[in-house]
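A.B. asks: What follows is a predicted protein model with its sequence.
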Amino acid sequence: MSVLSTRRASTPMRVGKAVAVALLLVFTLFPAYWMLVSALDGQAGLGSSIVPAEPTLDHFRFVLTEGGFTVFLRNSIIVALGTVLISSVLALLASVAVARFRFRLRTQVLLMVLIIQMVPLEALVIPLFVQVRDLQLLGTLAGLGIVYVALALPFGIWMLRGFVAAVPVELEEAAYLDGATWGRMFRSVLLPLVAPGLVATSIFSFITAWNEFLFAMTILGGATENYTVAIGLRSFFGQHSNDWGAIMAASTLITVPVMIFFILVQRRLASGLTSGAVKG
Amino acid sequence: MTSALPVAVPAGVGHTPTPAGRRGAAGRTLASRVRPWALLAPALVVLAVLMLWPLVQVFLFSLQDYGLREIVSKEPNWIGTANFTEVLTSEQLWRVVLPNTVGFAVAAVACTVVLGTAVAVLLASLGRVWRTIVSSAIMAAWAMPAVTGTYVWVWIFDADRGVFNAVLQGLGLQDQAVNWFTDRWSFYAIVLLNVVHHGFPFVAVTVLAGLLGVPRELLEAAEVDGANGWRRFFSIIVPQLRQVFAVVIILSTIWDFKVFAQVYLMPGGAGTNREVLNLGVWSYVESFGQNRYGFGSAIAVLLTLLLLVVTVVYVRTILKEEEL
């Protein structure tokens, strides 16, 4: 079983490993567990017990009705879906160009895509705030969506490039031999084969838009009705005391979809982040 | 180099007067020369307008006294390098902000990479069932959004009702509740916990993928030669995975220099506690809190330059490995 050793582990070794696994599980899962416990505990913040002292769904009910979280959820879904739709199309077209064609400046374009991902958002937020303001889109979901498309695009191109390159060239050649035009080949051969990669990239773009905080806070400003979930959470922080039960219930609502998506794409995500850098 | 694909296909193979057949070989070549740029154009326009131009702009802003008045009037108010002089001569930068940024990044990268690698080794030594269980748990930590993750850690360490204080008091280690967010060191210890918790899964998953690719014969040979576990790890695995470690370290460095929400959302992190500012948060609160967009831009430019150095190392590592 073991990869690093060919011998069977001794007993102290196995005990040590079991302890390490237990500690690791506690460390990784405790925050998510504590979030859930507090969300389900009617007395969250009054006593600290390891299971809900007073199990209730009241916090969730409050968050989704009086808390106005349904509006934030709707806003986030609109922005995220818009981002996914536009950025996937743009990323797919661009990735076909860099994966399938050899042209002048190709390497430079790829390097730019790579380097641009490293630019800190804190440096972009000031000029983009001014740009969005000039477009009169401050406080709107459209203004936020435009920015998110740009944020999701470089990684999308980088990731899809690998998927496009993995489609055997022979299949495309066969389509040409059958008399297909480039457009026909793209639709009938390339697109279906890249679809899994497109799904993975879309999920990643969705998560980017769903989790983003800095631009949502800056661009939406005081437009509470357009808040996304990431900044909507702040409405549960009071002047003097925080409603931790509600905050944790809302956090659970934000986190669960991301966790589900993440588990769906986990392998693609890891390989996408390092593709072009790590082989094997 | 010629175009890889369409050119290689002889046009009009069937000799039938279909639209495809009527276009000559020259037409195909022209089309294949224009096509990549046509495909790239929409993405390049978006990146140019929303990423490259803003980068130029932030540099231009940093050379101006750019406040609310300038945003409205659009009148440039050039002041040369005064903003940079002010940043680079401020005590705040050298005493607080730079140590917080660089010191934190170094500590976070070290912890993330060491923990991630240890977990990868552990995962590699587990059977299939436990490997699945543990890697799913790791995914849950990775999937936690930065915003909600930060709130959960804030809640755990909350001064009045947090579970951490309650446990310490319950064990008799502490007489009364402590506010962990006021002191610079304990503040960043919590940020560190948060960032490492969120960041080590990527390292673990990536290093594990590399570990599984190390040839078994090498390890067996070393074991026969009597090398112990540590020896095998440092003499065989580390050299084999040099490239993997380089990428993991550099990417973590880039991410850990840029932590924003994890600091900003903590109590006092949004500028009220000047002791805990890092470059990103400082730039933001100077810009949007004080309306000193020019000064904030100068700080942002410094952060970008710092990251550019790391990025150049990263790109060189990648280019060494493969042709793009």
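C.D. replies: Arrived safely.
A.B. asks: Walk me through the domains of the chain.
C.D. replies: Just so you know, I chose chain A. A:11-56, A:63-274 (automatic domain parsing).
A.B. asks: that's the wrong chain, I wanted chain B
C.D. replies: Split by automatic domain parsing, chain B gives B:19-51, B:93-321.
A.B. asks: can you put these in CSV and add distance to residue A:19?
C.D. replies: Every C-beta, even on glycine, is put in place using the N, C-alpha and C of the backbone. Formatted as CSV, the domains of chain B follow (distance: least, Cβ to Cβ, whole Å):
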stretch, distance to residue A:19
domain B:19-51, 47
domain B:93-321, 11
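A.B. asks: Identify the residues contacting the residue positioned nearest the centre of chain B.
C.D. replies: In chain B, the residue lying closest to the centroid (Cα atoms, centre = their mean) is residue B:255, at 2.1 Å. Residues near residue B:255 by Cβ atoms under 8 Å, 6 or more residues apart in numbering or on different chains: residue B:199.
A.B. asks: again with residue B:306
C.D. replies: By Cβ under 8 Å, 6+ apart, the neighbours of residue B:306 are B:101, B:257, B:279.
A.B. asks: Distance check, it against residue A:172.
C.D. replies: Distance of residue B:306 to residue A:172, given as Cβ to Cβ, to the nearest Å: 44 Å.
A.B. asks: what does residue A:54 give?
C.D. replies: Taking Cβ to Cβ, one finds residue A:54 at 63 Å from residue A:172.
A.B. asks: Can you pick out the residue with more neighbours from these two?
C.D. replies: Between residue A:54 and residue A:172, residue A:172 has the larger neighbour count (other Cβ atoms under 10 Å in any protein chain shown), namely 23 against 13.
A.B. asks: Do a quick rundown of the helices in the stretch 51-200 of chain A.
C.D. replies: Counting by DSSP state H, counting those that start in this stretch, the stretch 51-200 of chain A has helices at residues A:58-64, A:69-100, A:106-116, A:121-134, A:141-166, A:169-177, A:182-185, A:191-211.
A.B. asks: Would you reformat these as CSV and include distance to chain B and mean pLDDT?
C.D. replies: Output for the helices of the stretch 51-200 of chain A, formatted as CSV (distance: least, Cβ to the nearest Cβ, whole Å; pLDDT from 0 to 100):
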stretch, distance to chain B, mean pLDDT
helix A:58-64, 13, 91
helix A:69-100, 4, 95
helix A:106-116, 5, 90
helix A:121-134, 4, 94
helix A:141-166, 3, 92
helix A:169-177, 4, 89
helix A:182-185, 6, 89
helix A:191-211, 4, 89
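A.B. asks: Nearest to residue B:144, out of those helices?
C.D. replies: Residue B:144 lies closest to helix A:191-211 among those, at 9.6 Å (Cβ to Cβ).
A.B. asks: Now do the buried residues in the closest one.
C.D. replies: By 16 or more other Cβ atoms under 10 Å in any protein chain shown, the buried positions in helix A:191-211 come out as A:194, A:197-198, A:200-211.
A.B. asks: tell me the two of those that are most distant?
C.D. replies: The span of the buried residues of helix A:191-211, defined through Cβ to Cβ, is set by A:194 and A:211 at 25.3 Å.
A.B. asks: buried residues in stretch A:96-104?
C.D. replies: For stretch A:96-104, burial by neighbour count (16+ other Cβ under 10 Å) applies to A:96-101, A:103.
A.B. asks: Mind putting those residues into JSON lines with distance to residue B:217?
C.D. replies: Shown next, in JSON lines, are those (distance: Cβ to Cβ, whole Å):
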{"residue": "A:96", "distance to residue B:217": "40"}
{"residue": "A:97", "distance to residue B:217": "42"}
{"residue": "A:98", "distance to residue B:217": "37"}
{"residue": "A:99", "distance to residue B:217": "35"}
{"residue": "A:100", "distance to residue B:217": "38"}
{"residue": "A:101", "distance to residue B:217": "41"}
{"residue": "A:103", "distance to residue B:217": "43"}
